[in-house]
Each structure stands twice: as structure tokens, then as C-alpha cells.
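> Starting from these lines, generate the structure:
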Amino acid sequence: MEIVYEDEYLYVIRKEAGEPVETRSIGTKDIVTMLKNIRVKKKENPYIGVINRLDQPVEGLLLVAKDNKTAAMLSEELKKHAIDKHYYVVCYGIPSGNEYRDFIDFDKKSNLSFVTDGKSGKESLLEFKVIKTFEVNEEKVSLVDINLLTGRHHQIRVQFASHGHPLLGDRKYGNKEGSDAKNVALCSYELSFIHPYKNEPLCFKIKPSGKAFMPCEYSF
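As a prediction, this is how the structure comes out:
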């Protein structure tokens, strides 16, 4: 975990691949607990409100509120799509078009999402642009830039897999032998929003560092 930005109202955190945002596993460090410990040591209110969650094998930028009021304001902005979230992925094959619009449902028992025929689930939309194509183990793969317009459970992973382009390292939806479940080639690399109190535009960017991105490390 790296604190990229902090003021009296919020944090912007860089989460590494394999690092949990929050977990019940005893002895496993997670971001919420680490931030609470930091605040307790400073004798501050230990409240932590995560605005945009990332799956454990995913790396990227997290927006975290320090109090209930800020969390409510930022969550409302997220619902209004006023917080821009851009992602890099590396997927198998070369996706065609420039957007995926599907209906996604969620199965709590298996903790898996799936694309439906539209009779159930929530409408899910993302825009994408293929940046570059590579060859990995004699297979074509693509570096793709994504603008995530809705925030469904495992949305990017399940949509790309359902369209025939699973992400590198994604055992849950990719079903590729030899993949590393702790490092999916998915990174929340840009986060932009208006500060809820200062009314200033803020934009943060990072470069992916997870090993799932190694085939294209010089392309960012």
C-alpha cells in the first residue's frame, strides 16, 4: 500500500496486486486495517470509507473517505458517474469494436458474476481502445485502455471473458493453466474527480507494476 494523496477529508491509495482491500482472514494485512491503525496512532477518528473497491488480484488507485459525510458525498458522485475511472488490461486475442454493453448478474454462493440474456441482471457498460498487440507463448494478446462507465461486481473481468478475451492471469474467469491468481492483468491506472469540499479537479495516474503486465511494460 502506498498513500498517493492525503488531506483532512480523504486518501488516494495505490493498491498492489494481491493486496486485499478488506478481509476477515486472521493474520492477513488489508488496506482498511492498515489505514485505521495509522489513524489510531495519530489519535484520529479511525473511520475508513472505501469508495471504489478493487478485487484482491487487481492493482490500482483507491479513493477512501475519512468520515461518513465525505463518504456519502463521494459515493453520490460515483453513482452519478462523476468520478472517472480508467483501467489498463492485457487480454487474450484482439477485441473488436469500442464498447461492451451487457447485462450482468451475480451469484453470491460462488462469488461469480455472469452475463445474462438481458432478462435478469443490471446493464453494464464500458468503453475501450486497443493500444497495442503482442505475442505471449505464441498467443496474441492486447493491451487495452478502458473507461469504466458502470461498476458491477467483477465487471471488466466477466465482460472481456464473455466476449472471448479473458484477462491474463485471471483464473476465476480466464481458466488458463499456469496463470497466477494473485496477479490479474487489470490496473486502475487513472482516477479523476472533483474534491467534495475544495471544489478542485484532482487527477491521479500510475503505471502498472504487476508481473501480469510484464509483456507490455514499455508501452505505457
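
> Val58 against Ser188, yeah?
Yes - contact criterion CB atoms under 8 Å: Val58 and Ser188 qualify, at 7.1 Å. For glycine as for every other residue, the C-beta is placed from the backbone atoms N, C-alpha and C.

> quick one, which of the two is more surrounded?
Val58 (29 against 25; other CB atoms under 10 Å).

> Stretch 92-111: how far from the chain's middle?
In this view, stretch 92-111 has its centroid 14 Å away from the chain centroid, taken as CA atoms, centre = their mean, to the nearest Å.

> Next, the distance between the ends of that stretch.
Its start and end residues considered, stretch 92-111 measures 23 Å (CA to CA, to the nearest Å).

> So for it, mean pLDDT?
Mean per-residue pLDDT for stretch 92-111: 93.

> now stretch 139-157
92.

> Next: stretch 167-178.
76.

> Can you tell me the element Gly18 falls in?
According to DSSP states H and E, Gly18 maps onto no helix or strand at all.

> middle-most residue in this structure, spatially?
Closest residue to the average C-alpha location of the chain: Leu54 at 4.2 Å, with CA atoms, centre = their mean.

> Could you grab the helix/strand/coil label for it?
The three-state label given to Leu54 by DSSP: H, G, I helix; E, B strand; the rest coil is coil.

> wait, doesn't it sit right on Arg14?
No - using CB under 8 Å, Leu54 makes no contact with Arg14, being 10.5 Å away.

> joint contacts of these two?
Gly60, Leu62 (CB atoms under 8 Å, 6 or more residues apart in numbering).

> Most distant residue from the centre of this structure?
Outermost residue of the chain (CA atoms, centre = their mean): Lys43, 30.6 Å.

> which residues does that residue contact?
So Lys43 contacts nothing (CB under 8 Å, 6+ apart).

> Spell out the secondary structure type for it.
On the three-state scheme (three-state DSSP), Lys43 is labelled coil.

> Count residues in the vicinity of the closest residue to Asp55 other than its chain neighbours, would you?
Leaving out its chain neighbours, the residue that sits closest to Asp55 by CB to CB, 6 or more residues apart in numbering is His154, at 6.7 Å. Number of residues near His154 (other CB under 10 Å) recorded here: 20.

> Could you double-check that His154 sits in contact with Tyr173?
Yes - the pair His154 / Tyr173 is scored as a contact, 7.1 Å apart, by CB under 8 Å.

> give me the beta-bridge partners of the residue nearest to Ser120 when sequence neighbours are not counted?
Sequence neighbours aside, Asp105 is the residue nearest to Ser120 in space, at 5.2 Å (criterion: CB to CB, 6+ apart). As for beta bridges, Asp105 partners with Phe114 under DSSP bridges.
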